[in-house]
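Peer 1: Provided below are the primary sequence and the corresponding predicted coordinates.
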Amino acid sequence: MNMLEPYMGATRGAAPEAEIGHDKFHCAKELNKAVDRVCRGEHRALEVQGREMLTRTKCLWPEEPRALDEAPARASPLKLNSLKWGPAWAIKEAFAAFWGYRYAASARKFFERWDSWATHSRLPPIIAAAKTLKRHLPGLLAYVKHRITNATAEGTNGTIQLLKANARGYHRFAQYRTAILFHCGKLDLYPAGCAS
């Protein structure tokens with residue numbers, strides 16, 4: 001589930017014996033936000049100095065290690081170790097290994113090493129993200145133990161929100177409910193006797 005305290009508090013109140021777990025999606029969101037803050041802060045600092053090397057380069061920021069090497073010549077000044085966002089991105093990417101662990105003790109050891117690197121990075125957004133993940137470490141370890149995510153629920157919620165936005169609102173709840181059931185209900189809409 002989400003790492004926000006209101007959600008966790010409601011869950012603890014309704015199901016006090018349930019074990020709360022946090023999955024990749026919510027951790028990646030936290031780390032991506034931190035890297036984005038580092039990038040934006042660095043971009044502003046460079047602009048003050050009259051250097052616009054990060055202007056219009058977000059599409060060049062690597063999604064995977066080889067992406068920067070394959071990027072156009074414009075990316076040449078954007079080497080991973082020459083700017084603050086490089087180490088921030090590396091710390092974020094390194095955390096992905098956490099999800100491969102099958103035993104909580106091994107995952108905890110990995111997390112402790114990663115957390116030490118992140119908190120000594122001197123990058124405030126990364127340090128804040130690492131502290132957030134550390135506060136929720138029991139939930140991260142619960143994922144390692146149970147391998148349960150709420151990806152299906154998140155996907156369904158995304159579809160429902162899209163329906164709501166595309167309709168610009170519904171006059172009656174019954175119409176909204178029908179649209180949700182139609183689009184999310186996995187109905188077999190072929191007439192009897194027709195091949196699917």
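Peer 2: Nice, thanks for sending it over. Numbers count the residues shown, from 1 in each chain.
Peer 1: what's the domain layout of this protein?
Peer 2: 5-146, 151-184 (automatic domain parsing).
Peer 1: deepest in the core, which of those domains is it.
Peer 2: For the domains of the chain, the largest average neighbour count (mean count of other Cβ atoms under 10 Å) is found in domain 5-146, namely a mean of 15. C-beta here means a position set from N, CA and C on the backbone, and glycine is covered the same way.
Peer 1: who are the contact partners of residue 140?
Peer 2: 21, 22, 27, 98, 107, 111, 133 (Cβ atoms under 8 Å, 6 or more residues apart in numbering).
Peer 1: out of these, which sit inside helices?
Peer 2: Using DSSP state H to define helices, the subset of the contacts of residue 140 located there is 27, 107, 111, 133.
Peer 1: sorry, back to before: mind putting the domains of the chain into a markdown table with mean pLDDT?
Peer 2: Below are the domains of the chain laid out as a markdown table (pLDDT from 0 to 100):
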| stretch | mean pLDDT |
| --- | --- |
| domain 5-146 | 82 |
| domain 151-184 | 82 |
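Peer 1: quick one: secondary structure of the spatially most central residue of the chain?
Peer 2: Nearest to the geometric centre of the chain sits residue 29, at 2.3 Å (Cα atoms, centre = their mean). At residue 29 the chain is in helix, as set by DSSP: H, G, I helix; E, B strand; the rest coil.
Peer 1: any idea how far it is from residue 174?
Peer 2: Distance of residue 29 to residue 174, given as Cβ to Cβ, to the nearest Å: 34 Å.
Peer 1: swap in residue 87?
Peer 2: Taken as Cβ to Cβ, the span from residue 87 to residue 174 is 54 Å.
Peer 1: in the chain, what residue spans correspond to strands?
Peer 2: When assigned using DSSP state E, the chain turns out to have no strands.
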